[in-house]
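Undergrad: here is my input, please return the structure:
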Amino acid sequence: MSRFSALRLGPLETVPVSVVAQPGVTLMSLVADVLGGRSQGVHPNWRRALRSAVPEGAEAALRPLFAREYSMVPDCLTPTAPLWETDLSVQLERLAEVPSDVLLRELETDFAGTVPRQWQGVVDRPKAFIHSYAAILGAVWEAFGPIWARAGSLLVRETERVGVATVSNALPLVLSGLGPKIRFSGQTLSVPDPHPETFERGTRRVVLVPIVSGNGASVFSFDRSDAVWFGYPVPGLDTLWKAERAAPAKDPLELMVGSLRARILRELARPCTMGSLASALNCTPATATYHCGQLEAAGLLSRERRGQHVVARRTTSGAALVGLLTG
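TA: Residues are numbered from 1 along each chain as shown. Reported below is the predicted structural model:
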């Protein structure tokens, strides 16, 4: 039986509304579906591609976050705060640097001093979990980033649609059509939640966050002090799936080793430090380190410490593979 948390908005004519294209919300929706067993309606092709992009054991590593009894992501691990920061690379960098004591204190607070058994592995090795978590999110976003970029026109159109509805007193029509999982009646918005509560908006701003993941997407936060926000499927999402079916064939090297690893091998036409490589790829150091480790295990690159830096270079086999699969 479905359960819902309710948000009482108050008179709609007094509700301040914003739209934010927050990529972190889409990322968490993707992770919940692909690795957390919480269906968000992600297209099967996208789900398969994302599962193949993440480190081995990623689903098990994230299991504490999506345990049915205690489904919860600590605030310090969410790439949605601050909500107005839409550069996801900045937020992923912050996640990788979350201090262990911050995570442990938050778990103690969230669970009233009794941390569930599912989180014990995190409590025992918090820093290792943080690094693994950041690498997994970085790998998911590296694989999904091009799709997010293609959704740009849909996000702009949705921002304009909500803006027009707000100034023309048509907000109820928008709130009534936010996707199959979100309900609106009178002045109350209801969203699926395994641990339902009722929230009052008070004077807080309402932020609508269109999600580019699946037609069943639903992610929300009603307990912030500055705003209440909820994510919903961006209208027109199916056009991205249709466009993908008509897309041209991928680069042969990408098909062989994956998108990011292909870029790494090409970037290493000349040796460079791991820090420079991560910057060139516009990904987190943890993500670059993980994928370089996989390429090194396959004999396609090598890494060598020089003072404070680690220098990566293609091996003879790596150079030969790039030459063979580059037209």
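Undergrad: so what's the residue count around V311?
TA: Using other Cβ atoms under 10 Å, V311 has 17 other residues around it. No exception for glycine: its C-beta is placed from N, CA and C like everyone else's.
Undergrad: likewise S168?
TA: So S168, with other Cβ under 10 Å, has 9 neighbours.
Undergrad: pretty sure E13 sits against A170.
TA: No - E13 is beyond contact range of A170, at 11.5 Å (criterion: Cβ atoms under 8 Å).
Undergrad: who's more crowded, those two?
TA: Neighbour comparison, E13 and A170: the larger count goes to A170, with 14 against 8 (by other Cβ under 10 Å).
Undergrad: show me the residues around that one that make contact.
TA: With contact set as Cβ atoms under 8 Å, 6 or more residues apart in numbering, A170 has these partners: V164.
Undergrad: run the last query once more with 10 Å
TA: By Cβ atoms under 10 Å, 6 or more residues apart in numbering, the contact list for A170 reads 12, 161-162, 164.
Undergrad: what separation do you get for it and G10?
TA: Separation of A170 from G10 (Cβ to Cβ, to the nearest Å) stands at 18 Å.
Undergrad: V42 versus R183, what's the distance?
TA: Distance from R183 to V42, by Cβ to Cβ: 22 Å.
Undergrad: higher neighbour count, those two?
TA: Looking at R183 and V42 with other Cβ under 10 Å, you find the greater number of neighbours at V42, namely 21 against 17.
Undergrad: ok, which stretches of the stretch 1-150 of the chain are strands?
TA: Per DSSP state E, counting those that start in this stretch, the stretch 1-150 of the chain carries strands over the ranges 4-8, 17-19.
Undergrad: which one of those strands lies closest to F199?
TA: F199 lies closest, by Cβ to Cβ, to one member of these: strand 4-8, at 5.0 Å.
Undergrad: what lines up beside that closest one in the sheet?
TA: If you go by DSSP bridges, strand 4-8 pairs up with strand 188-192 (antiparallel), strand 198-200 (parallel).
Undergrad: other residues contacting the first one?
TA: In other words, strand 188-192. Contacts of strand 188-192 (Cβ under 10 Å, 6+ apart): 2-10, 38, 175-176, 178-179, 181-184, 196, 198-199, 201, 206, 216, 218-220, 222, 228, 230-232.
Undergrad: out of the residues you listed, which end up buried?
TA: Buried subset of those (neighbour count, 16 or more other Cβ atoms under 10 Å): 4-7, 9, 38, 175, 178-179, 181-184, 199, 201, 206, 216, 218-220, 222, 228, 230-232.
Undergrad: next step: these restricted to helices.
TA: Using DSSP state H, L175 are the members of those that sit in helices.
Undergrad: mind putting the strands of the stretch 1-150 of the chain into CSV with mean pLDDT?
TA: Shown next, in CSV, are the strands of the stretch 1-150 of the chain (pLDDT from 0 to 100):
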stretch, mean pLDDT
strand 4-8, 94
strand 17-19, 92
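Undergrad: cool, thanks, talk later.
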